Structures are given as C-alpha cells and as structure tokens.
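Colleague: give the three-dimensional model of this entry:
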Amino acid sequence: MNESVRKPEERDAFSDEEVVRRVRAGQIDLFEILMRRYNQRVYRLARAVLRTDSEAEDVTQEAWVRAYAHLDQFEGRAGFSTWLGRIAIHEAWARMRRSRRFETREPDPSGEDREMKNASVDPNPEGAAFGREVRLLVEAAVEALPEGYRTVFVLRQIEELSTAETAECLELSEETVRTRLHRARSALRQQLLEKAGPGIRQAFPFLGRRCDRMVESVLARVRRIESEVPAS
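Modeller: Okay, here's the model as predicted:
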C-alpha cells in the first residue's frame with residue numbers, strides 16, 4: 001500500500017474531487033482516503049435504515065464497492081459524500097426490501113462485544129459507564145423512530161449535514177427534511193422521557209451528605225446572625 005496514504009496530514013491535503021481524479025488515473029490505493037473520510041457516515045446511514053450492526057457493515061462494504069465500480073459516473077454536480085450517501089441509502093433500502101419478510105431480528109452481539117472492549121480500556125470507568133448508558137439510551141430512542149424520520153435525524157443531527165445536503169442525499173425536498181427532523185426531535189423527547197420513567201424524579205439529587213452539609217452550614221450562619229443581635 002502506498003505509504004503516504006497512512007499519513008493523516010497528507011490524506012487531508014487532498015479534496016474529494018482530487019482523490020477521485022487520482023483513483024480514476026490508476027492510483028487505486030488512494031481510495032482508502034475516501035473510505036477513512038466517510039466510513040462512519042456511510043455506516044451510520046446504513047444502520048439508520050437497517051438497525052443492526054452486521055447488516056449495516058455489509059451494506060457499508062457493498063456501497064463502497066459499488067461506488068468504486070461506478071466512480072466514472074461521479075460527475076461532481078453534487079459533493080462526493082452526497083453521491084456516496086445516495087448509493088448507501090439505495091443499498092440499504094434494497095437490503096431492507098429483501099429481508100422485509102423477516103420481521104423479527106435477533107440482537108446483534110457484536111455491539112455488546114464492542115462495549116465490553118471499550119469498557120476494559122477506559123481510564124475513567126464511572127464516566128465511561130455513564131456515557132455508555134446515555135449513548136445506549138439515545139441509540140434505542142433513535143432506533144425506535146420510523147425509518148423516514150430516523151435517516152433524516154442521523155444525517156442532520158448526528159452527521160451534521162445541512163438541510164440541503166440531507167435533502168439531496170435522501171432525494172427529498174428541503175421542506176420534507178425540516179418537517180421530519182422536527183417530528184423526529186419531538187418523538188425523541190417523548191421517548192426519552194418515557195424511558196426515564198419514575199427515575200426522572202431522581203434527577204439533580206440533593207440528599208444525604210449534601211443535604212446534611214447544607215443544613216449544618218445554614219444553621220451555623222443563622223446562629224452567628226442571632227448571636228450578633230443585641231439582647232433586648
């Protein structure tokens with residue numbers, strides 16, 4: 001493999017269009033630059049449709065292979081990432097249609113394996129555990145959204161694409177993107193509140209030692225105030 005591809009500073013120096021031009025000219029190894037640049041986005045988009053790690057990984061790989069095979073069709077009218085996103089979303093939709101007869105999906109153990117690996121190396125176990133809990137809660141809420149809302153939310157809120165970019169990638173109008181994002185946010189707020197359940201009343205606790213410390217401090221100040229008041 002070309003050694004320069006492994007250097008981030010050199011990878012970042014090329015625009016998408018320049019990489020595409022060089023790959024077309026025969027520098028095939030440079031395709032890695034595009035993959036490292038957009039792997040996460042393609043995966044997230046595929047997973048927003050399919051909702052399992054293994055299927056999303058398969059579609060991500062297939063999307064990249066198809067993108068390479070049809071690289072000569074990239075005309076630059078839209079950004080490469082948008083062009084690639086359309087390939088990924090069509091691959092994911094095709095996979096979903098093929099597997100629609102299987103309504104129930106087994107939990108994907110690969111996600112749990114990654115959680116355990118990540119947990120074992122984190123230098124701040126408490127913070128990591130809390131972060132994972134929050135992330136898993138959010139992921140579950142996002143996965144519960146209807147597919148049309150979920151894909152818009154992932155691109156706009158997680159990948160931070162603009163409304164125009166999201167519309168172009170999903171082949172929707174910008175108004176539809178705005179509407180779906182608004183509804184996705186509303187649904188997420190409701191789901192997160194429901195998942196929190198009675199536990200939401202435990203937020204911002206001020207009990208036990210914290211309460212005792214505050215009581216003691218206030219009473220001490222009150223006593224000082226009283227001691228400074230002249231006797232009548």
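Colleague: quick one: list the elements packing against the helix or strand that contains E216.
Modeller: Assigned by DSSP states H and E, E216 falls within helix 208-228. Of the remaining helices and strands, none touches helix 208-228 by 3 or more C-beta pairs under 8 Å, 6 or more residues apart in numbering; DSSP states H and E. All C-beta spots, glycine's among them, are computed from the backbone N, C-alpha and C.
Colleague: now tell me which helix or strand of this protein has the poorest mean pLDDT.
Modeller: Within the chain, no helix or strand scores below helix 109-121, which has a mean of 40 by mean pLDDT, DSSP states H and E.
Colleague: the longest helix in this protein is where?
Modeller: Secondary structure of the chain read by DSSP state H shows that its longest helix is helix 174-196.
Colleague: could I get the buried residue list for that one?
Modeller: Buried residues in helix 174-196, defined by neighbour count with 16 or more other C-beta atoms under 10 Å: 176-178, 180-181, 183-184, 187-188, 191.
Colleague: got the CA coordinates for the helix holding E216 in CSV?
Modeller: C-alpha atoms of helix 208-228 as CSV (Å, rounded to 0.1, in the frame of the first residue of the first chain):
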residue,chain,number,x,y,z
GLY,A,208,-27.8,12.5,52.3
ARG,A,209,-24.4,14.1,53.0
ARG,A,210,-25.0,17.0,50.6
CYS,A,211,-28.3,17.9,52.4
ASP,A,212,-26.7,17.5,55.8
ARG,A,213,-23.8,19.7,54.9
MET,A,214,-26.1,22.4,53.6
VAL,A,215,-28.3,22.2,56.8
GLU,A,216,-25.3,22.5,59.0
SER,A,217,-23.8,25.4,57.1
VAL,A,218,-27.1,27.4,57.1
LEU,A,219,-27.8,26.7,60.7
ALA,A,220,-24.3,27.9,61.6
ARG,A,221,-24.8,31.1,59.8
VAL,A,222,-28.2,31.6,61.4
ARG,A,223,-26.7,31.1,64.8
ARG,A,224,-24.0,33.7,64.1
ILE,A,225,-26.6,36.2,63.0
GLU,A,226,-28.6,35.5,66.2
SER,A,227,-25.5,35.9,68.3
GLU,A,228,-24.8,39.3,66.8
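Colleague: so which residue is dead centre in the chain?
Modeller: Closest to where the C-alpha atoms of the chain average out (C-alpha atoms, centre = their mean) is I158, at 4.5 Å.
Colleague: does it really touch L45, like I thought?
Modeller: No - I158 sits out of contact with L45 when judged by C-beta atoms under 8 Å, with a separation of 9.7 Å.
Colleague: ok, E168 touching A78?
Modeller: Yes - using C-beta under 8 Å, E168 makes contact with A78 at a distance of 5.8 Å.
Colleague: more neighbours, the two?
Modeller: The neighbour comparison of E168 against A78 (other C-beta atoms under 10 Å) goes to E168, with 20 against 15.
Colleague: tell me the contacts of the more buried one?
Modeller: Listed by C-beta atoms under 8 Å, 6 or more residues apart in numbering, the contact set of E168 reads 78, 82, 86.
Colleague: so where is the chain shaky, pLDDT-wise?
Modeller: The chain contains residues with pLDDT under 70 at 1-11, 100-131, 198-205, 231-232.
Colleague: need the strands for it, in chain order.
Modeller: For the chain, applying DSSP state E gives no strands.
Colleague: what residues of stretch 47-61 count as buried?
Modeller: Buried residues in stretch 47-61 (16+ other C-beta under 10 Å): 47-53, 55-61.
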